[in-house]
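Visitor: Provided below for reference: sequence and predicted model.
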Amino acid sequence: MSPDADLPLPPARATRNRLTALDHRVFDVVAARHWPGADRLLPRLSHAANHGRLWFATAAALAATRRPRARRAAARGVASLAVASATINTLGKRTVRRTRPGLDTVPLVRRLKRQPVTTSFPSGHSASAAAFAAGVALESPRLGAAVAPLAGAVALSRVYTGVHFPSDVLAGAALGAGAALAVRGLVPTRSQLPPPGRPRAEAPALRGGRGLVVVANSGARTSDRASELLAVLPHAEVVTCEPAELPAELEKAAARARALGVCGGDGTVNAAATVAVRHGLPLAVLPGGTLNHFAYDLGVEEAHGLARAVETGEAVAVDVGRFRSAAGEGCFLNTFSLGVYPELVRERERWAHRIGGWPAGVLAAAHVLRADRQPLRAEFGGTEGALWLLFAGNCVYHRLGLAPARRFDLADGLLDVRVVHGGRRPGARLLAAALTSPVERSPVQTAVRPRRLRVDGLTPGTKIAYDGELARAEGELVIDKLPEALVVYRPSPTA
């Protein structure tokens, strides 16, 4: 008899042994259990989830709905899956080298045709399933509830087919959920962002949409959304027109409407806002373009939410930006710029109809940043110098983590002005600064937030861009605000 045979095990080791024994007992119970139809379904489901194929297909189905929240949920789910998979492959599998369960107690019909060769802990399939489902749920609880049973079935299939112990699955699921939370920390969900400022405004409550005339730009990417609005506001009038007919149709609609509606992208919304301000009408905005910055910052994403606001008269007042020069004047709801940005807009429009809006934007940015152009000469703040870019936002833009810039207050009375000074390839330096720190810290950029801005000495034909539209300016350029000049229907965040 050895002298230490009766010595008790250390507490940590004893606990580990008990958990391991429990893990094996649960595995044996699952192996001995038969669920109707599971012997065929779960192995196929487990195979479908290989390399994330099941989740990429689910994400594609969500994105195909063209609902903004569904598309964001799909993107968040895929991003969470990517983080979970990278963590599993670089840390998880290499840290704990646990052997796979024995298959003696697993019926042959359940076993996978090709057995995994990696270590058992943690379950990569479970991590991917939990990461995708949690990512979707953080963006849209309703869609997350629909995806969760599928994710749970994939996790169960890994034990049912005998390739993982239950603790492998639980650890993988916990890691996947953690990955989704980590992604949310980098890119906040809409629910985390503060709601835009709400200076409430008087607007008629139009039951069933009676008195609302909606002008839809047929050239917009999703102009058919106007029919969705008509389905929930049956007494509204919808007029669909070609882009060239838009100004005339907006004027006609304003002459007979109690409220003017518009469906299209930011440029279309800009045209409608100009008409609405001139006629003193409230505006109902239904996003139908590629980016829809104004509608999304306002909090309007879908027809049902907008319809609630129209029927209850829920509305806010927002600022309108204005620019004036010897070449003409105009308004902007989102951004105004001169310098290389107008060329970026031109390049994007050149490619958008061939490859789509977002790829065209990336291609245009690469083209503009690569080229070595002469900067503009202008007088800014009393000092003449070279300008590579001048950007003026209607209200202050914010950036959280890696999320795109957004506005939380659409009636703050301020212009968000960023000036990139001329020099040798400042675009590349600005891009590098933006990737490593907030752009406000870039040595090539000046950021101010005035209520009015003047730029002198613009040569005739200087290109400008506003809300995605192109124009020209010359001589003295004045940019200012029309505070709370536009009344816009907006659903309550608590509705």
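Guide: Right, received. Where do you want to start?

Visitor: Can you give me the pLDDT of Pro234?
Guide: Per-residue confidence for Pro234 comes out at a pLDDT of 94.

Visitor: again, but for Trp351
Guide: We have a pLDDT of 69 for Trp351.

Visitor: and what of His34?
Guide: For His34, the predicted pLDDT is 78.

Visitor: swap in the one 3 residues further on?
Guide: Looking at Gly37, its pLDDT reads 77.

Visitor: Let me see the contact set for it.
Guide: By C-beta atoms under 8 Å, 6 or more residues apart in numbering, Gly37 lies in contact with nothing. In short, each C-beta sits where N, CA and C put it, glycine included.

Visitor: My read is that Leu45 contacts Ala155, right?
Guide: No: under the criterion of C-beta atoms under 8 Å, Leu45 is not in contact with Ala155, lying 10.3 Å apart.

Visitor: of the two, who's got more company?
Guide: More crowded of Leu45 and Ala155, by other C-beta atoms under 10 Å: Ala155, with 28 against 19.

Visitor: who's in contact with the more buried one?
Guide: 123, 125-126, 129-130, 169, 172-173.

Visitor: can you check Gly135 too?
Guide: The neighbours of Gly135, taking C-beta under 8 Å, 6+ apart as the test, are 73, 76-81, 180, 183.

Visitor: That one: what secondary structure?
Guide: The three-state assignment at Gly135 reads helix, by DSSP: H, G, I helix; E, B strand; the rest coil.

Visitor: Which helix or strand contains the closest residue to it other than its chain neighbours?
Guide: Of all residues not flanking Gly135 in the chain, Ser80 sits nearest, at 3.3 Å (C-beta to C-beta, 6 or more residues apart in numbering). Using DSSP states H and E, Ser80 maps to helix 68-87.

Visitor: Counting neighbours, which bits of that helix end up buried?
Guide: By neighbour count on 16 or more other C-beta atoms under 10 Å, the buried set for helix 68-87 is 68-85, 87.

Visitor: what does stretch 328-343 give?
Guide: Neighbour-count burial for stretch 328-343 flags 330-343 (criterion: 16+ other C-beta under 10 Å).

Visitor: Tell me how many other residues surround the closest residue to Leu229 other than its chain neighbours.
Guide: Nearest residue to Leu229, sequence neighbours excluded (C-beta to C-beta, 6+ apart): Ala303, at 4.3 Å. By other C-beta under 10 Å, 20 other residues sit near Ala303.

Visitor: Touching, Ala303 and Ala216? I think so.
Guide: No: contact between Ala303 and Ala216 fails when scored by C-beta under 8 Å: they sit 11.9 Å apart.

Visitor: so Leu41, which of the three states?
Guide: Here Leu41 is recorded as helix under three-state DSSP.

Visitor: Let the chain start at 315 from now.
Guide: All right, first residue 315 from here; so that's Leu355.

Visitor: contacting residues around it?
Guide: No contacts exist for Leu355 under C-beta under 8 Å, 6+ apart.

Visitor: do you know how far it is from Ala363?
Guide: Noted for Leu355: a distance of 13 Å to Ala363, by C-beta to C-beta, to the nearest Å.

Visitor: all helices for the stretch 615-764 of the chain, in order.
Guide: Applying DSSP state H, counting those that start in this stretch to the stretch 615-764 of the chain gives helices spanning 617-626, 654-669, 671-684, 740-750.

Visitor: mean pLDDT lowest for which of the ones you listed?
Guide: Among the helices of the stretch 615-764 of the chain, helix 740-750 carries the lowest mean pLDDT, a mean of 53.

Visitor: wait, is Arg428 part of a strand?
Guide: No: remark: Arg428 does not belong to a strand; assigned using three-state DSSP, it is coil.

Visitor: Tell me the buried residues in stretch 795-809?
Guide: 795, 798-805.

Visitor: hang on, the earlier thing: closest to Val461 out of the contacts of Ala469?
Guide: Ala443 (9.0 Å; C-beta to C-beta).

Visitor: ok, so what distance separates the closest one from Asn364?
Guide: Counting by C-beta to C-beta, the separation of Ala443 from Asn364 is 12 Å.

Visitor: With Gly619 instead?
Guide: 39 Å.

Visitor: More neighbours: which of the two?
Guide: Neighbour tally, Gly619 and Asn364, criterion other C-beta under 10 Å: the higher count belongs to Gly619, 19 against 14.

Visitor: element containing the residue nearest to that one when sequence neighbours are not counted, please.
Guide: Nearest residue to Gly619, sequence neighbours excluded (C-beta to C-beta, 6+ apart): Pro805, at 4.1 Å. Element membership for Pro805, per DSSP H and E: none, as it lies in no helix or strand.

Visitor: Tell me which residues touch Pro805, please.
Guide: Here Pro805 is in contact with 613-614, 619-620, 622-623, 628 (C-beta under 8 Å, 6+ apart).

Visitor: Spatially nearest residue to Val762, not counting backbone neighbours?
Guide: Val731 (5.0 Å).

Visitor: Pretty sure that neighbour sits against Arg765.
Guide: No: using C-beta under 8 Å, Val731 is not in contact with Arg765; the gap is 10.5 Å.

Visitor: Who has more neighbours out of the two?
Guide: When Val731 and Arg765 are compared for neighbours, Val731 comes out ahead with 18 against 12, by other C-beta under 10 Å.

Visitor: I'd like to check which residues are in contact with that one.
Guide: 704-707, 761-764, 767.

Visitor: let's see it at 7 Å
Guide: The neighbourhood of Val731, defined by C-beta atoms under 7 Å, 6 or more residues apart in numbering, consists of 705-706, 761-764, 767.

Visitor: what's across from it in the sheet?
Guide: Ala706, Val762 (DSSP bridges).

Visitor: Which secondary structure element is home to the closest residue to Ala444 other than its chain neighbours?
Guide: Residue nearest to Ala444 in three dimensions, not counting chain neighbours: Gly490, with 3.1 Å by C-beta to C-beta, 6+ apart. Assigned by DSSP H and E, Gly490 belongs to helix 480-500.

Visitor: do Val801 as well
Guide: Secondary structure (DSSP H and E) places Val801 in strand 783-803.

Visitor: Now do that strand and helix 617-626, the angle between them.
Guide: Orientation check (axes from the mean of the first three to the mean of the last three C-alpha atoms, to 10 degrees): strand 783-803 against helix 617-626 gives 60 degrees.

Visitor: Report all helices and strands that strand 783-803 contacts.
Guide: helix 580-593, strand 597-601, helix 617-626, strand 629-639, helix 654-669, strand 766-780 (3 or more C-beta pairs under 7 Å, 6 or more residues apart in numbering; DSSP states H and E).

Visitor: So which of the ones you listed has the densest surroundings on average?
Guide: strand 597-601 (a mean of 27; mean count of other C-beta atoms under 10 Å).
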